[in-house]
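Undergrad: Let's see this in three dimensions:
(one chain, ligands or ions: 2)
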Amino acid sequence: MCAHPAGPRHAEVHPHAPQSGLPPSTSEELDRLYPKVWPRNAFRAPDGVVRIAGVDVRELVRTYGTPLFVIDEADFKARCAEYAEAFDDPALVHYAAKAFLCTEVARWVKNQGLSLDVSSGGELAIALRADFPPERIAFHGNNKSVEELQTAVEAGVGLIVLDSFYEIARLAEVAASRDVVQPVLVRVTVGVEAHTHEFIATAHEDQKFGFSLAAGDAAEAVRRVLNTPSLRLVGLHSHIGSQIFDADGFEVAARRVIGLIADLRKEHGPELTEQLSTVDLGGGFGIAYTERDNPPPPAQMITQIRDIVRKECEFADLPVPRIAGEPGRAIAGPGTVTLYEVGTIKDVVLGDDAVRRFVSVDGGMSDNIRTALYGAAYDCRLVSRASDDGQPQEVGAAMSRVVGKHCESGDVVVRDCWLPDTLTPGDLLAVAATGAYCYSMASNYNRQPRPPVVAVRNGTHRLLLRRETYEDMLRLEVP
Ligand SMILES: Cc1ncc(COP(=O)(O)O)c(C=O)c1O
Ligand SMILES: N[C@@H](CCCC[NH3+])C(=O)O
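TA: Ligands and ions are numbered 1, 2, ... in the order given. Alright, predicted model coming up:
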């Protein structure tokens with residue numbers, strides 16, 4: 001058990017601390033890995049050191065250094081399988097590559113039978129390198145270049161998700177000039193306010209994606225596609241945002257899309273409803289970043305959405321389309337952690353006796369921009385030892401801010417978390433649930449090389465992406 005000699009002094013430091021609450025009352029609590037937040041195969045062993053899929057984090061760091069992304073391979077694959085089951089067909093699950101993609105991950109997704117959502121030529125290139133079946137790839141984006149469209153059509157990409165009138169014309173030409181009839185979805189902006197951060201909500205009216213339903217653009221897009229011999233409309237698409245915890249927004253989106261199909265039937269006849277065999281409701285399924293987050297299991301949310309679609313179709317006397325989805329975060333996010341080494345610890349006096357503890361690690365906003373960009377909250381733990389080192393001693397908890405090494409005061413990895421006041425340079429910290437939108441949004445800010453990505457499974461580890469080197473960066477320089 002531990003008391004908190006330093007607790008009160010630090011406890012009051014940051015009154016708005018989202019994850020702070022009361023200081024942990026035991027060292028077990030301070031060291032706890034909440035199962036819903038941490039990779040399924042991450043455990044703290046009796047020696048106090050965390051193992052992920054049976055691999056000691058210290059061994060990973062000795063081998064690969066820090067910062068380091070560690071993926072629990074079985075966790076990633078299990079989540080693929082759970083979404084495949086929830087959607088009733090793996091091919092209806094389009095893993096959103098933007099969350100995280102490398103060749104090996106594309107192979108995992110392929111071997112699980114899932115489809116893939118790519119939104120750039122770069123993501124497509126990785127998918128093709130992994131021999132991902134092109135017919136199971138959907139290509140997204142609000143401003144795909146002509147070159148990207150050409151590559152996609154030539155590769156035989158199964159679906160292109162149309163996002164603008166210009167794109168309809170461009171793709172029509174690209175497909176016609178190659179004698180291809182390209183299957184497409186029309187992305188509909190359904191006007192739903194998803195309850196999430198403004199920057200990751202995508203189906204309210206005032207943003208750049210899709211064709212507005214309310215303004216009639218979606219119906220006009222359908223008209224134009226139907227009049228284009230080189231395009232074949234096979235369904236509609238809607239994506240309302242990201243990190244969503246309840247089915248309400250999806251249900252409204254589904255109702256509006258089905259309503260649009262009913263209107264289109266009036267205009268184009270019943271054959272069109274047979275043709276619109278797929279409704280893709282996008283991604284956005286939320287995950288637990290901290291113990292306060294309670295996302296529903298995938299099956300629950302998806303069953304609710306599918307029930308609504310079925311009822312709406314029965315009501316409108318429409319054939320029930322296949323419901324597809326595009327989970328990215330919910331598959332890639334929870335099974336990965338980022339390991340950092342503590343470099344410096346600084347207590348800064350804020351006045352009124354308040355102190356903020358800054359714990360600097362060897363990465364930062366270059367490997368995790370989400371905290372700076374969205375105010376995202378994360379769970380962070382000491383993982384290279386137990387807080388009390390296994391000794392019956394009192395360990396205090398200090399409310400800490402984990403910051404990176406960049407020249408930016410907004411370079412925060414975890415805004416507020418309790419860390420043991422025994423923390424010392426050289427200790428290893430892990431930040432949980434960093435599998436989605438961390439590596440994929442990584443940068444070279446301050447010319448910091450991107451970290452490696454390692455997969456762990458059954459007590460073994462292997463490199464998926466090596467650490468970027470200064471030579472990699474220098475290679476871009478012209479002589
Ligand atoms: C069109 C589309 N599909 C799928 C996703 C994946 O979202 P998430 O990772 O939240 O599941 C996104 C990103 O928000 C997206 O824009
Ligand atoms: N990048 C965002 C989500 C938006 C993704 C794609 N529309 C995040 O980190 O949460």
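
Undergrad: Contact distance from ligand 1 - what residues of this protein qualify?
TA: 96, 99, 117, 140, 202, 239, 242, 282-285, 326-330, 436 (Cβ under 6 Å from any ligand atom). For the C-beta atoms, the positions are set from N, CA and C on the backbone; glycine is no exception.

Undergrad: go with 5 Å
TA: The chain comes close to ligand 1 at residues 96, 99, 239, 242, 282-284, 326-329, as judged by Cβ under 5 Å from any ligand atom.

Undergrad: Where does the stretch 301-450 of the chain get nearest to ligand 2, which residue?
TA: Ligand 2 sits closest to Y437 of the stretch 301-450 of the chain, with a gap of 3.0 Å, by Cβ to the nearest ligand atom.

Undergrad: Please name the residues that touch that residue.
TA: 98-100, 328-329, 333, 370 (Cβ atoms under 8 Å, 6 or more residues apart in numbering).

Undergrad: just checking, which of the residues you listed belong to helices?
TA: Of those, the ones assigned to helices by DSSP state H are 329, 370.

Undergrad: of the contacts of Y437, list those near ligand 2.
TA: R370.

Undergrad: need the contacts of Y437 in CSV with neighbour count and pLDDT, can you?
TA: Listed next are those as CSV, based on neighbours: other Cβ atoms under 10 Å; pLDDT from 0 to 100:
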residue, neighbour count, pLDDT
K98, 22, 98
A99, 25, 98
F100, 28, 99
G328, 25, 98
R329, 26, 98
G333, 27, 98
R370, 21, 98
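
Undergrad: can you give me the strands in the stretch 201-350 of the chain?
TA: 211-212, 231-237, 278-280, 322-324, 336-351 (DSSP state E, counting those that start in this stretch).

Undergrad: oh, I was asking about the stretch 351-479 of the chain
TA: Ranges of strands in the stretch 351-479 of the chain, per DSSP E, counting those that start in this stretch, are 354-361, 380-382, 397-403, 412-420, 428-432, 453-457, 460-465.

Undergrad: Please name the nearest non-neighbouring residue to E104.
TA: Nearest residue to E104, sequence neighbours excluded (Cβ to Cβ, 6 or more residues apart in numbering): L464, at 4.7 Å.

Undergrad: how near is that neighbour to T63?
TA: L464 sits 13 Å away from T63, going by Cβ to Cβ, to the nearest Å.

Undergrad: Neighbour count: these two, which is higher?
TA: Taking neighbours as other Cβ atoms under 10 Å, L464 and T63 compare with L464 leading, 17 against 13.

Undergrad: That one and Y289, how far apart?
TA: 23 Å.

Undergrad: Check D352 too.
TA: Note on D352: its distance to Y289, by Cβ to Cβ, is 31 Å.

Undergrad: ok, the residue lying closest to E267 once chain neighbours are set aside - how many residues close by?
TA: Spatially, and ignoring its direct neighbours in sequence, E267 is nearest to A219 (7.3 Å; Cβ to Cβ, 6+ apart). Other residues near A219 number 18, with proximity taken as other Cβ under 10 Å.

Undergrad: Ok, the one 10 residues further on next?
TA: Neighbouring residues of P229 were enumerated by other Cβ under 10 Å; the total is 10.

Undergrad: give me every residue that touches it.
TA: When contacts are counted by Cβ under 8 Å, 6+ apart, P229 touches 176, 181.

Undergrad: Phi first, then psi, for it.
TA: phi -60, psi -30 (degrees, to the nearest 10).

Undergrad: Show me the domain layout of this structure.
TA: With domains defined by automatic domain parsing, the chain comprises 7-71+334-474, 73-332.

Undergrad: next one: phi and psi at E173?
TA: Here is the backbone geometry of E173 (degrees, to the nearest 10): phi -70, psi -50.

Undergrad: List the contacts of it.
TA: S230.

Undergrad: how near is it to R306?
TA: Distance of E173 to R306, given as Cβ to Cβ: 37 Å.

Undergrad: any idea where the strands of the stretch 1-150 of the chain begin and end?
TA: Assigned by DSSP E, counting those that start in this stretch, the stretch 1-150 of the chain shows strands spanning 42-44, 50-52, 55-56, 68-72, 94-96, 115-118, 137-139.

Undergrad: Per-residue confidence, the single nearest residue of the stretch 101-250 of the chain relative to ligand 1, what does it come out as?
TA: Evaluated by Cβ to the nearest ligand atom, the stretch 101-250 of the chain has S242 as its residue closest to ligand 1, separated by 3.3 Å. We have a pLDDT of 92 for S242.
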